[in-house]
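In: Provide a 3D model corresponding to the input given below.
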Amino acid sequence: MDISRRDFLFLAAALGVSATNPSFLEASSIERLDMQNLMYDGFTPKGNVTLLHMCDMHAHLKPLYWREPSTLVSAKALVGLPGFLSGEAFMKYYGLKKGSVDSYFDTYMDFSALANKFGKMGGASHIKTVVDAVRKERGEDKVLFLDSGDTWQGTAIGLKTKGEAIVKAQNLLGVDMMVGHWEFTYGKEQVLKLAGDKDNKGMLNAEFISQNISDEEWNELIYKPYSIRNQNGVKIGFLGQSFPYTKTANPTNVEGWSYGLRLEDMQKYVNELRSKCDVVVLLSHDGFNVDQEVAKRVKGIDIILSGHTHDPAPKPLKVGNTLIIISGSHGKYVSRLDLDVKGGKIVDYSYKLIPIASNIIPANPAMEKLIKDEYAPYESELLMPIGKTKTLLYKRDTFYSTFDRVIGDACMNKMGSDIVFTPGFRWGTTVLPGSDITADDVYDMTAITYPNVYTFEMGGEQFHKLLEDIADNVFNPDPIYQQGGDMSRLTGVTYDITIGNPYGKRITNLRVAGKPIDAKKAYLMSAWGGNVQKAGKNLREDKIAPVYDITIDYIKRQKIVSAPETSNVRVLDFKK
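Out: Numbering: from 1, shown residues only. So this is what the prediction gives:
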């Protein structure tokens, strides 16, 4: 495919790379350059301020494959809304072309074929190239880089360095501000070491801001609630909102800290910033669906930079007078929002969700060195193949994923259990059919600080009620009460679900090993990734082990693994 000289120069300028740079020409074919042009097509720089944004990087310093969900099932009231769109519905809503770079990054459609065509996604060294290019184009005084959190956790390198390797990358990227969620899983002492607090600086160069984290005893804020920046003569107030349900969603070691949505406090701070600033921005980890409700209930927010639910949004969403942006996950994207601010208000803007196509965007050498140095102590452990997969191994979906099935099979094989619970975390990775699996890939699915697999007994009636409780959280029609995550994945179980039914009547045809569940029978269950140690006496004390060790050992023994594409859950009132 031919590419014009004008388009070539435009691409080179956008990437901050000389059009005659031999290494760049060797690294990227003319076809790939044309694809890069398509990624940047339609964006016109404008105005006097630029906000760059990322969210939910989940500690991925290296490029990866990450498949978007094939279903995003929701309560009836939310069907068809941004945040609950996938596949063809997503492409239609945002006007994407089938087989394009954007369709590859934003949907599951033809994922394996497009992965072989376009290559890997993300990577901190490629993000830095884009960020540096924008700063060079606009000028340092016009640009701020914001991070909506879930940045330090989700990989082996994040876990083994307790987030420190990721903070080093954030510092080199030049992140200006952030909020958090999974960051708190490393415990209070480590979080304070990395992020500091309202009075003390940590290892992180960026400001950590949050209006909704306080000391339980004295009700004093742990972090500054907001930060005001003067960028190119424009005063911008950034209000921080960390994940409000952190202590519910994640067992943490931040005892004595309180979290919450705190909309009344948020309104108070927004009013305060409105009196001082031209533009008010909420830097949030509430989730795309929750932030749409926040925009309705809290007045005076100009922009919400959202995170948590991993949604890529190729276009901003306008709710009332508030513009909401969310920038995908796993380092796959950086959003660019150019603002034209005059007379103390935004009069125009230009927006682009930039796919970080790592086969196309050159790597920054300084970041490459940092990543290599951080991985060096663990390279032999993490990067050597441990087996292969016949089928596509992926994470995201509402009820089922193939990589979770492999983890469930591994736990069932080790523990001899009837049922395996795997949490519905949104973070994970994708391994293409026929590819090697590494220990690093397994950690990408399991890198938590409370990884042990527990095995206990639970009665059939209690199990059924537990599933109803989980479904009521995931499918609550009011987004404010959705506390995060997809449905727990189950191995050894099948069931039907009717989303629109009331609590207690959603789950039907529940079967274990193909037989209808017996309400009075005690089933042997294995689970990981939550407060499972409270479920009952661990009946496999002699086999207790981290889920990543169990899964790695299983894949080594199997040599080649596969998982069925068909879900074990049938949704009776959902149409794609």
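In: Chain neighbours aside, what residue packs nearest to Ser74?
Out: Take Ser74 and drop its neighbours on the chain: the residue closest to it by Cβ to Cβ, 6 or more residues apart in numbering is Phe84, 4.0 Å away. Placement of C-beta: from N, CA and C, glycine included.
In: Does the one you found touch Gln292 like I think?
Out: No. Contact status for Phe84 versus Gln292: not in contact, 10.8 Å apart, counting by Cβ atoms under 8 Å.
In: which SS class is Asp496?
Out: Under DSSP: H, G, I helix; E, B strand; the rest coil, the three-state class of Asp496 is strand.
In: burial count for it?
Out: A total of 14 residues lie near Asp496 under the criterion other Cβ atoms under 10 Å.
In: how much space is there between it and Met412?
Out: 22 Å (Cβ to Cβ, to the nearest Å).
In: Go ahead and confirm Ser214 touches Leu221.
Out: Yes. A contact is recorded between Ser214 and Leu221 when judged using Cβ under 8 Å, the distance being 5.3 Å.
In: for the stretch 301-450 of the chain, what spans make up the strands?
Out: Assigned by DSSP state E, counting those that start in this stretch, the strands in the stretch 301-450 of the chain fall at 303-306, 317-319, 322-326, 333-342, 345-355, 385-389, 419-422, 436-438.
In: what would these look like in a markdown table with mean neighbour count?
Out: Rendered in a markdown table, the data for the strands of the stretch 301-450 of the chain read as follows (neighbours: other Cβ atoms under 10 Å):
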| stretch | mean neighbour count |
| --- | --- |
| strand 303-306 | 29 |
| strand 317-319 | 16 |
| strand 322-326 | 24 |
| strand 333-342 | 22 |
| strand 345-355 | 18 |
| strand 385-389 | 19 |
| strand 419-422 | 26 |
| strand 436-438 | 19 |
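In: Just tell me which of those strands ends up closest to Lys543.
Out: Lys543 sits nearest to strand 419-422 of all the strands of the stretch 301-450 of the chain, at 13.4 Å, using Cβ to Cβ.
In: Adjacent strands (with direction) for that closest one?
Out: According to DSSP bridges, strand 419-422 forms sheet pairs with strand 489-491 (antiparallel), strand 522-527 (parallel).
In: averaged over its residues, what pLDDT does it have?
Out: Strand 419-422 shows a mean pLDDT of 95.
In: and what of stretch 271-280?
Out: If you average the pLDDT values across stretch 271-280, you get 98.
In: Any idea how far that stretch is from the middle of the chain?
Out: Averaged C-alpha coordinates place stretch 271-280 at 29 Å from its chain's average position (Cα atoms, centre = their mean, to the nearest Å).
In: contacts for that stretch?
Out: Counting by Cβ atoms under 8 Å, 6 or more residues apart in numbering, the neighbours of stretch 271-280 from elsewhere in the structure are 49, 226, 228, 234-237, 239, 270, 300-303, 339, 341, 344-346.
In: what about 6 Å?
Out: Contacts of stretch 271-280 from elsewhere in the structure, counted by Cβ atoms under 6 Å, 6 or more residues apart in numbering, are Val234, Lys235, Ile236, Gly237, Val270, Gly300, Ile301, Asp302, Val341, Gly344.
In: Inside helices: which ones of these?
Out: For the contacts of stretch 271-280, the ones inside helices are Val270, with DSSP state H as the criterion.
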